[in-house]
Structure formats: structure tokens, C-alpha cells
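1. following is a predicted model, sequence given first.
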Amino acid sequence: MERKVINTSEAPAPIGPYSQAVQANGMLYVSGQIALDAISGELVNDNITEETHQVMKNLDAILKAAGTGFNKIVKCSIFIADMQQFATINDAYGQYFKENAPARETVEVSCLPKNVNVEISCIAIV
């Protein structure tokens, strides 16, 4: 099995013992991303729409570093702190999948890293 760690300075550095993504056997497993700005290291969380877009930008940077993109994602996992924000998060998330959206689940959790409102991970074809 071929295994390659993917890291890019275009997305936030991991805040724990994990990689931004791991590529194995033609698949890319992207760790959960939160709304950290890669350059400043600051959270982008003035509102849930901006926060979700920053998460998606971070995913995009990692996907690009691995040579793939949103159109190759087969599965997303969305973790949110408040299910009442689902519709707003879904609207922002949906802008990145114009056709053939990936499979996904959305789960409300009691707390996320740095007390953010949304975290998203994905699996993509490379």
C-alpha cells in the first residue's frame, strides 16, 4: 500500500498529532478542517456563513495540494455545534458542489476544537 502525507502552507497547520491529509491507494483522506486562516492563524468566525466558507477554503487548499478538487470528493462529514445553524451551513457548503454532490452526514456535537461552530472532513479520489 502506497501512503503519502499531504501538507500545505495554504491551509492551517495541524494543531495536534495528525496530518492535513493522507493519500493512500488513489484516495485522499482529509482531516477535519475548522475556520482557521492559514496566514494569520486567527479564527474566521464573525458569522456562520464566513466560518463555513473558510472551512471550505481550507479543504480546497488541501485538495489542490494533492492534485484533486471538490468534484472528486466522494464523502464529507460535517460536525456542527448547533443544528439550528444547519440551513445556513448547508447553503454555504452547497456552493462548492454544483452537480453530483458527495455523500455526507451532518452531526451535532457538544463541542468542537477552539469552540468553533463547524468542522468538515472529506474523502476524495486522487
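-> Thanks, I have it.

2. figure out how far the helix or strand hosting residue 60 is from the centre of its chain.
-> Element membership of residue 60, judged by DSSP states H and E, is helix 48-65. Counting by Cα atoms, centre = their mean, to the nearest Å, helix 48-65 is centred 6 Å from the centre of its parent chain.

3. which strands border the next helix or strand after that helix, and is each parallel or antiparallel?
-> On the C-terminal side of helix 48-65, the closest following helix or strand by DSSP H and E is strand 73-80. Strand pairing for strand 73-80, using DSSP bridges, gives strand 103-108 (parallel), strand 118-125 (antiparallel).

4. nearest to residue 33, out of those strands?
-> strand 118-125 (5.9 Å; Cβ to Cβ). To be clear about C-beta, it is placed using only N, CA and C from the backbone, and glycine gets the same treatment.

5. pull the residues that contact that closest one.
-> For strand 118-125, contacts defined as Cβ atoms under 8 Å, 6 or more residues apart in numbering pick out 26-35, 48, 51-52, 55-56, 59, 63, 66, 68-69, 72-81, 85, 89, 93, 102, 112-113.

6. turn the strands paired with strand 73-80 into JSON lines, including mean neighbour count and distance to residue 20.
-> Converted to JSON lines, the strands paired with strand 73-80 look like this (neighbours: other Cβ atoms under 10 Å; distance: least, Cβ to Cβ, whole Å):
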{"stretch": "strand 103-108", "mean neighbour count": "12", "distance to residue 20": "20"}
{"stretch": "strand 118-125", "mean neighbour count": "21", "distance to residue 20": "11"}
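
7. tell me which of those strands lies nearest to residue 5.
-> strand 118-125 (15.3 Å).

8. re earlier: can I get the helix holding residue 60 as CSV, trimmed to CA atoms?
-> Extracted in CSV, the C-alpha atoms of helix 48-65 (Å, rounded to 0.1, in the frame of the first residue of the first chain):
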residue,chain,number,x,y,z
ILE,A,48,-21.6,31.1,10.4
THR,A,49,-21.5,31.8,6.6
GLU,A,50,-18.0,33.2,6.7
GLU,A,51,-16.9,30.4,9.0
THR,A,52,-18.2,27.7,6.7
HIS,A,53,-16.6,29.4,3.6
GLN,A,54,-13.2,29.5,5.4
VAL,A,55,-13.5,25.8,6.2
MET,A,56,-14.2,25.1,2.6
LYS,A,57,-11.3,27.2,1.5
ASN,A,58,-9.0,25.2,3.8
LEU,A,59,-10.4,21.9,2.3
ASP,A,60,-9.8,23.3,-1.2
ALA,A,61,-6.2,24.2,-0.4
ILE,A,62,-5.5,20.6,0.8
LEU,A,63,-7.3,19.0,-2.1
LYS,A,64,-5.3,21.2,-4.6
ALA,A,65,-2.0,20.2,-2.8
